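1. The following block contains a protein sequence and its predicted model.
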Amino acid sequence: MSLKHVLEVYDLLDDPEINGNRVKDYLLKSGAEHVKVTRVEGSEGYTDFIKIVVPGSNGKIENGNAPTLGVVGRLGGIGARPEVIGLVSDGDGAVAAIAVAAKLSEMKKKGDILAGDVIISTHICPFAPTLPHEPVPFMGSPVEMDVMNRYEVDDMMDAIFSIDTTKGNRIINYNGFAISPTVKEGYILRVSEDLLDIMQITTGRPPKVFAITQQDITPYGNGLFHINSIMQPSVATSVPVVGIAITTEMPVPGCASGASHVTDIEEVVRFVIETAKNFGYGRCQFYDRMEFQKITELYGDMHMFQKKGGINE
């Protein structure tokens, strides 16, 4: 159970004075050993990127060969001050990612060590701008999307979960969370059966999958509509990416406060941790390697969808 960690992290981040170093102190107390904070200035302020590595018993850090799971807490900002007071709905991705790091660090400290390394990254920005979007406003960010990918997507990751509040839409309307089809190198692949199995075990309910379009897996800034930034890590890596959307029955603005549901976030944290356990032991695959090889042989690569586009690119 990870509810304690979610509550602690939510309370920690719901503070106008919060920053990356305070989050780092909390994680070190939880047992984390490898935490890096980097402050980056943007055109509309700053944010603190934070990266946590939880070593596994057979992970790459120990010169092992177990695969590394990446967990990205994707968001624009955790706060929209001074326009909005308090932790906003868009901050759920950061809460979930930091809670995953805290829980895994505490487990390792107690002696429950996963086989593979887990790399968790997100950013802490209590003063982010807002953006107009349909059907409800988005949270913006003081830094560009390519900067986020540069600090949050790590070359050591062998598969990536991208956790993002996805409440401002009419595509997935359900209180809880849903996963996306796997995206790899510009291809939208079939949904992972292994992830569906883990999801129904951890939630006790039928698994939920949300639809994504070709536009959603292209980079921001190309003028196309995106459901949100949940699939943006896929444009910066060749490894498989699966989005974890924290969802609601009704459209909720990302810049709304008082709109986070800690029980939904806790379900996400447990789902990620159970996946990390299985992934490190090779018992969970994000995609079918043979089928991916076959589809690329038949239709070629789709790397153009990882770029902003244009005839000359």
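-> Yep, that arrived.

2. So Val147 lies in a strand, does it not?
-> No: looking at Val147 with DSSP: H, G, I helix; E, B strand; the rest coil, it is helix, so not inside a strand.

3. any chance you could map the strands in this protein?
-> 34-42, 45-54, 69-73, 118-124, 130-131, 138-139, 159-165, 176-179, 183-184, 187-188, 241-247 (DSSP state E).

4. Sheet-wise, list the partners of the fourth one with their directions.
-> According to DSSP bridges, strand 118-124 has the following sheet partners: strand 45-54 (antiparallel), strand 69-73 (parallel).

5. how about the longest one: buried residues?
-> Looking back up the chat, that one is strand 45-54. Across strand 45-54, burial judged by 16 or more other CB atoms under 10 Å covers 45, 47-54. Using the backbone N, CA and C atoms, a C-beta is placed for each residue, glycine as well.

6. want to throw these into CSV with pLDDT and distance to Ile124?
-> Below are these laid out as CSV (pLDDT from 0 to 100; distance: CB to CB, whole Å):
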residue, pLDDT, distance to Ile124
Gly45, 89, 12
Thr47, 96, 6
Asp48, 98, 5
Phe49, 98, 8
Ile50, 98, 6
Lys51, 98, 12
Ile52, 98, 12
Val53, 98, 18
Val54, 98, 19
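
7. And these, which two are furthest apart?
-> Gly45 and Val54 (29.6 Å; CB to CB).

8. any idea of the pLDDT on Glu313?
-> Glu313 is assigned a predicted lDDT (pLDDT) of 52.

9. Repeat that for Asp11.
-> 98.

10. For it, give its distance to Met157.
-> 29 Å (CB to CB, to the nearest Å).

11. likewise Gly168?
-> For Gly168 relative to Met157 (CB to CB), the value is 27 Å.

12. what's the answer for Asp92, then?
-> Counting by CB to CB - Asp92 and Met157 are separated by 21 Å.

13. The two: which has the busier surroundings?
-> Asp92 (31 against 24; other CB atoms under 10 Å).

14. and the more buried one, what does it touch?
-> Shown in contact with Asp92 (CB atoms under 8 Å, 6 or more residues apart in numbering): 75, 163-165, 246, 260, 264-265.

15. Wait, Lys51 touches Asp154, no?
-> Yes: applying CB atoms under 8 Å as the test, Lys51 and Asp154 come out as touching, 7.2 Å apart.

16. okay, and the common contacts of those two?
-> If you check Lys51 and Asp154 against CB under 8 Å, 6+ apart, the residues they both contact are 119, 121.

17. Most neighbours among the contacts of Asp92, which one is it?
-> Thr165 leads the contacts of Asp92 on contacts (other CB under 10 Å) with 34 neighbours.

18. Report the beta-bridge partners for it.
-> Applying DSSP bridges to Thr165 yields these beta-bridge partners: Ile246.

19. Without its sequence neighbours, what residue ends up closest to Phe43?
-> To be clear, residue 43 is Ser; Phe isn't right here. Pro142 (6.9 Å; CB to CB, 6 or more residues apart in numbering).
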